[in-house]
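Student: Sharing a model that was predicted from the sequence below.
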Amino acid sequence: MTPAERTTALEAIAGEVRVCTRCRLATGRTNAVPGEGRPDTEVVFVGEGPGQNEDQQGRPFVGAAGGLLTELIGSIGWQRNEVFITNVVKCRPPGNRDPEPDEMAACAPFLQRQLEVLDPALVVTLGRYSMGTFFPGARIGQIHGQFRPADPATGARDAIAFAMYHPAAAFRQLSLKETMRDDMARIPSVLIEARRGRTERPQVEAAAISEVTTQVEPDAILEPDQIVEAEAPLAKAVLEPGPRSAPEPLLVPQATPELAPEPKPMTADPDDPEPTVPIDAGADDLTEVLASIDMHAIPHEPSPETDQMRLF
Ligand code: SF4
């Protein structure tokens, strides 16, 4: 699929989202928020749902949480418009409440179709509800900063899913901001891993795929060294390139930084340390908290350590 074809397909999905009435969230929205970004990107960020600012503007992550996400993306030398950003539900839950299971189920086909069109190498989940789509049964405090192969049933047919806290969480638990920054710093390395897997993955007869996939535990959350080992049989079975053309050569990293250290529980409750937060941290009640945060702690300029690769 060419970038133009992707753009057309994504716009068609967005058009359906804007008039969708599949669930009760349609009744309270000002604007649906389909998502936005570069159609030929390799990286998709998936959040929870629109907040007040997003609902008003029809764009994802434009409140304070969006500002922090943009800062975090910038901290690894990327720009927001180089990735695609969307949410699990496309309409704002009233009062920024959590989306209900039936609402997420109703909206899931839109995300699935977006991922099918985008065919990303890397899907970054933001928060518990996005994580639940790609890491069923996992807990954010235990798996943030880690990754696993995405289930093709999500629409991401050949991708790695990487878990992060929702940026809004940092406005309720300030210590999470540093955690998010550390997790974000791992993303370039994980993308390298994802690219390698896509380049080496065989497009072969179903029998060959079946043979090797039985050697990978489907529900396992893998550390970087484990995923290399798990994909070794795939590398041996390479017959032809992956479904998308090989990515442009990197502005090559001189060395692959260390990947995904053991996650550190950030609170005394390791089962669920991500605080309950409004979907949109741009809500008025967070303004005071935001003002107290040293946003300059997140570098605006990429450091020599993080500016090792670029998306394009
Ligand atoms: Fe439709 Fe999704 Fe909006 Fe519900 S949240 S009305 S399923 S676009």
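Tutor: Okay, I see it.

Student: Which residue, other than its chain neighbours, is closest to whichever residue of the stretch 101-250 of the chain sits closest to the ligand?
Tutor: In the stretch 101-250 of the chain, no residue comes nearer to the ligand than Cys107, which is 3.1 Å away by CB to the nearest ligand atom. The C-beta positions use only the backbone N, C-alpha and C, and glycine is treated the same way. In this structure, Cys107 finds its nearest non-sequential neighbour in Val89, 4.6 Å apart by CB to CB, 6 or more residues apart in numbering.

Student: ok, the one you found touching Pro99?
Tutor: Yes: in this structure, Val89 is within contact of Pro99 by CB atoms under 8 Å, at 4.5 Å.

Student: Between these two, which has more neighbouring residues?
Tutor: Val89 (27 against 22; other CB atoms under 10 Å).

Student: which residues does the more buried one contact?
Tutor: Going by CB atoms under 8 Å, 6 or more residues apart in numbering, Val89 touches 23, 25, 48-50, 99, 103-104, 107.

Student: Repeat that for Met180.
Tutor: Taking CB under 8 Å, 6+ apart as the test, what Met180 contacts is 68, 72, 164-165, 167, 169-170.

Student: Which two of the residues you listed have the greatest separation?
Tutor: Greatest spacing in the contacts of Met180, by CB to CB: Leu72 and Ala169 (12.3 Å).

Student: who's more crowded, those two?
Tutor: The neighbour count for Leu72 versus Ala169, taken as other CB under 10 Å, is higher for Ala169 (29 against 24).

Student: I'd guessed that one sits against Gly127; true?
Tutor: Yes: at 7.0 Å, Ala169 and Gly127 qualify as touching, with contact defined as CB under 8 Å.

Student: how about the helices in the stretch 101-250 of the chain?
Tutor: Taking DSSP state H, counting those that start in this stretch as the criterion, the stretch 101-250 of the chain carries its helices at 101-118, 128-134, 140-143, 175-200, 206-213, 224-236.

Student: what about Val19, neighbour count?
Tutor: Neighbours of Val19 using other CB under 10 Å come to 8.

Student: Write out the residues of the chain neighbouring the ligand.
Tutor: For the chain, the contact set with the ligand under CB under 6 Å from any ligand atom comprises 17, 20-23, 25-26, 32, 89-91, 103, 106-107.

Student: most neighbours, which of those?
Tutor: Most surrounded of the residues of the chain next to the ligand: other CB under 10 Å gives Lys90, at 32 neighbours.

Student: Just put the contacts of Val89 in JSON lines and tack on distance to Met131 and pLDDT.
Tutor: JSON lines is the format used below for these (distance: CB to CB, whole Å; pLDDT from 0 to 100):
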{"residue": "Cys23", "distance to Met131": "21", "pLDDT": "98"}
{"residue": "Leu25", "distance to Met131": "20", "pLDDT": "98"}
{"residue": "Glu48", "distance to Met131": "10", "pLDDT": "96"}
{"residue": "Gly49", "distance to Met131": "14", "pLDDT": "97"}
{"residue": "Pro50", "distance to Met131": "18", "pLDDT": "97"}
{"residue": "Pro99", "distance to Met131": "13", "pLDDT": "96"}
{"residue": "Glu103", "distance to Met131": "17", "pLDDT": "98"}
{"residue": "Met104", "distance to Met131": "12", "pLDDT": "97"}
{"residue": "Cys107", "distance to Met131": "16", "pLDDT": "98"}
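
Student: which residues touch Val88?
Tutor: 46-49, 99, 104, 107-108, 111, 129-130, 133.

Student: how does this protein divide up, domain by domain?
Tutor: 3-194+255-310, 200-243 (automatic domain parsing).

Student: where does this protein have its least confident helix or strand?
Tutor: helix 224-236 (a mean of 36; mean pLDDT, DSSP states H and E).
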